[in-house]
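*Asks:* Here is a sequence with its predicted model. Questions after.
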Amino acid sequence: MDLMYASTRDANVKVTASQAVLKGLSDDGGLFVPERIPLLDVSFTELAGMSYQETAYAVMKQFLTDFTEEELKDCIAKAYDSKFDTEEIAPLVQADGIYFLELFHGATIAFKDMALSILPHLLTVSAKKNRVTNEIVILTATSGDTGKAALAGFAEVNGIKIIVFYPKNGVSPIQEKQMVTQKGANTFVAGIHGNFDEAQTGVKKMFADQAFGKELASHGYQFSSANSINIGRLVPQIVYYVYAYAKLIAKGDIKEGEKINVAVPTGNFGNILAAYYAKNMGLPIAKLICASNENKVLYDFFETGTYDKNREFMLTSSPSMDILISSNLERLIYRIAGDSAQKNAEFMRKLNEEGVYSISEEMKAELKDFYGNYASEQETAQTIRQLYDKTGYVLDTHTAVAASVCRKYQAETGDQTKVITASTASPFKFTRSVMNAIDPSYDTKSDFELADELSRIANVKVPKAIEEIRTASVLHRTECEPDEMPETVKRFLGI
């Protein structure tokens with residue numbers, strides 16, 4: 001029987017997996033969630049002998065039940081191919097007692113590639129299944145990495161246009177150059193004069209605006225999303241946690257059934273939610289370590305049970321986590337509220353109107369598997385420098401936040417359970433912050449000179465993604481205010 005998807009805000013909404021992928025966001029503003037978390041139906045011994053592609057099928061077939069075996073395997077084969085620069089797709093590297101799960105070996109050197117390499121294929125299959133005749137417009141807000149990964153994934157895909165909004169002064173120079181040099185007649189990029197939360201709120205408002213949706217439909221367009229609010233983004237992210245655990249068994253580093261901890265640098269909450277779903281599928285995860293930067297809204301939530309976005313927005317060296325409204329947390333809130341759309345909708349109404357909500361003690365008790373903490377800018381830089389000095393291994397700023405919080409957790413609890421840390425971006429994506437952490441005297445060099453120097457000191461080749469943008473021409477120059485986003489979309493679409 002097909003696994004159906006419900007809206008987190010309306011108990012009456014039920015759709016298939018392909019419909020959830022196609023829509024991205026429910027009409028009521030809710031996120032699509034599976035009615036139950038399916039269990040893995042293969043043993044860890046079997047998984048230990050599987051390739052990444054085989055593991056992806058074993059996990060994803062459980063969630064995307066209205067896709068045929070042939071359709072799903074075809075999507076997987078097209079996604080996880082030579083665009084990744086390692087055969088493993090997601091290698092595990094051990095440094096100073098922590099296993100770093102390198103999720104940055106795709107086309108845009110960030111973990112978003114893991115899901116955005118397959119989403120275009122899932123979406124085109126979903127459109128055919130549901131006899132969609134409109135052209136699909138992927139509308140996405142990015143804090144830096146999703147934008148480029150989505151642009152790269154959807155460029156030149158027939159029947160799809162992609163529009164990306166990013167905070168003009170809130171991403172790294174490398175991230176911005178990756179986006180504004182993107183080729184493809186169906187790709188559009190705009191920098192907003194505001195922060196990521198304003199970009200994300202603007203996108204959500206357009207999804208919820210029924211009159212705007214009708215206007216688009218009259219011109220032959222319909223919206224979908226490439227953000228992690230789309231279940232087609234979230235499901236592929238579950239795969240790499242299952243794969244990493246199986247690889248630890250294969251290496252003989254853990255026994256089947258032995259528990260591990262997982263540490264994740266967290267902004268929009270999608271990546272750690274994927275680990276939570278993996279745990280609910282049967283993966284033996286003990287603790288989910290949620291690492292924040294100085295925008296520590298999630299740390300405060302796990303400490304107090306109150307989510308409060310009414311605070312100063314901080315620009316940090318880990319910009320992909322500079323977020324005060326963590327959209328995917330809604331899926332967890334729905335779950336710990338007993339799968340109650342009514343309760344969740346009330347929390348989200350409070351967040352929208354007052355910027356704050358508090359969960360009950362019973363709901364707080366459901367969060368016992370999570371540990372939240374944060375790393376300051378100083379601690380993040382210190383973690384990069386110390387690990388490099390000790391091992392020669394270089395972390396990006398986001399992964400350093402997670403490693404720092406992981407060490408805090410171990411110091412506080414004495415827990416020596418083996419830990420996998422999601423390494424979410426290549427250090428080459430944030431060269432200035434990374435190199436300044438190692439030695440402040442590097443600050444006089446240009447970003448590309450720093451990339452060459454990083455290659456030398458880390459003994460790692462400069463990634464293709466960096467080489468490609470060294471001399472690339474800027475193709476996207478649009479800027480707008482947050483309230484001008486709908487008009488910008490219409491202009492891009494020629495409406």
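*Replies:* Sure thing, it's come through.

*Asks:* How about the secondary structure of residue 19?
*Replies:* Under the three-state scheme (DSSP: H, G, I helix; E, B strand; the rest coil), residue 19 adopts helix.

*Asks:* what about it, how many neighbours?
*Replies:* By other CB atoms under 10 Å, the residues close to residue 19 number 16. Glycine gets a C-beta too; all of them are placed from N, C-alpha and C.

*Asks:* how close does it sit to residue 232?
*Replies:* From residue 19 over to residue 232 the distance is 11 Å, taken as CB to CB, to the nearest Å.

*Asks:* Spell out which residues are contacts of both of those two.
*Replies:* Both residue 19 and residue 232 are contacted by residue 126, under the criterion CB atoms under 8 Å, 6 or more residues apart in numbering.

*Asks:* show me the contacts for residue 357.
*Replies:* With contacts defined as CB under 8 Å, 6+ apart, the neighbours of residue 357 are 306-307, 347-348, 350-351.

*Asks:* in a strand, that's where it is, yeah?
*Replies:* Yes - under three-state DSSP, residue 357 sits within a strand.

*Asks:* That one bridge partners, please.
*Replies:* residue 307 (DSSP bridges).

*Asks:* Now residue 104: closest residue in space, sequence neighbours ignored.
*Replies:* Nearest residue to residue 104, sequence neighbours excluded (CB to CB, 6 or more residues apart in numbering): residue 426, at 4.3 Å.

*Asks:* ok, the one you found touching residue 110?
*Replies:* Yes - Residue 426 lies in contact with residue 110 (CB atoms under 8 Å); the separation is 7.2 Å.

*Asks:* out of the two, which sits in the more crowded spot?
*Replies:* residue 426 (29 against 26).

*Asks:* Quick one, grab the pLDDT at that one.
*Replies:* With respect to pLDDT, residue 426 scores 97.

*Asks:* who touches both of residue 426 and residue 110?
*Replies:* Contact criterion CB under 8 Å, 6+ apart; residues shared by residue 426 and residue 110: residue 104.

*Asks:* Helices along the stretch 1-150 of the chain, start to end?
*Replies:* Listed in chain order, the helices of the stretch 1-150 of the chain (DSSP state H, counting those that start in this stretch) span 17-23, 44-48, 52-63, 69-79, 112-116, 119-129, 145-154.

*Asks:* Put together TSV for those, with mean pLDDT and distance to residue 467 on each row.
*Replies:* Putting the helices of the stretch 1-150 of the chain into TSV (pLDDT from 0 to 100; distance: least, CB to CB, whole Å) gives the following:
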stretch	mean pLDDT	distance to residue 467
helix 17-23	96	33
helix 44-48	96	35
helix 52-63	98	25
helix 69-79	97	23
helix 112-116	95	17
helix 119-129	95	24
helix 145-154	92	15
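
*Asks:* Measure how buried the nearest residue to residue 434 once chain neighbours are set aside is and give me the count.
*Replies:* Distance criterion CB to CB, 6+ apart; nearest residue to residue 434, sequence neighbours excluded, is residue 427 at 4.5 Å. Using other CB under 10 Å, the number of residues around residue 427 comes to 29.

*Asks:* Same question for residue 358.
*Replies:* 14.

*Asks:* now do the one 5 residues further on
*Replies:* Residue 363 is surrounded by 18 other residues when neighbours are defined as other CB under 10 Å.

*Asks:* Kindly report the same for residue 257.
*Replies:* The number of residues packed near residue 257 is 8, by other CB under 10 Å.

*Asks:* what residues are up against it?
*Replies:* Residue 257 neighbours (CB under 8 Å, 6+ apart): 44, 284.

*Asks:* how much space is there between it and residue 445?
*Replies:* Distance check for residue 257 against residue 445: by CB to CB, it reads 49 Å.

*Asks:* and if you look at residue 483?
*Replies:* From residue 483 to residue 445 the distance is 39 Å (CB to CB).

*Asks:* residue ranges with poor pLDDT in the chain?
*Replies:* Counting by pLDDT under 70, the chain contains no low-confidence range.

*Asks:* Helices of the stretch 251-400 of the chain, start to end?
*Replies:* Under DSSP H, counting those that start in this stretch, the stretch 251-400 of the chain gives helices at 270-280, 297-304, 329-336, 341-354, 361-365, 377-391, 397-413.

*Asks:* ok, and what's touching the helix or strand that the longest one is followed by?
*Replies:* Read it as helix 397-413. The helix or strand immediately downstream of helix 397-413 is strand 419-423, counting by DSSP states H and E. With contacts defined as CB under 8 Å, 6+ apart, strand 419-423 is touched by 92-93, 98-104, 111, 241, 244-245, 248, 260-265, 271, 275, 289, 395-396, 399, 402-403, 406, 410.

*Asks:* Show the buried residues in these.
*Replies:* By neighbour count, with 16 or more other CB atoms under 10 Å, the contacts of strand 419-423 hold 92, 98-104, 111, 241, 244-245, 248, 260-265, 271, 275, 289, 395-396, 399, 402-403, 406, 410 as buried.

*Asks:* hang on, the earlier thing: who's more crowded, residue 483 and residue 445?
*Replies:* Set side by side, residue 483 and residue 445 show more neighbours around residue 445, with 15 against 12, by other CB under 10 Å.

*Asks:* how close does the closest residue in space to that one that isn't next to it in sequence get to residue 110?
*Replies:* When the adjacent residues along the chain are set aside, residue 445 lies closest to residue 453, with 6.6 Å between them (CB to CB, 6+ apart). To residue 110, residue 453 is 21 Å away according to CB to CB.
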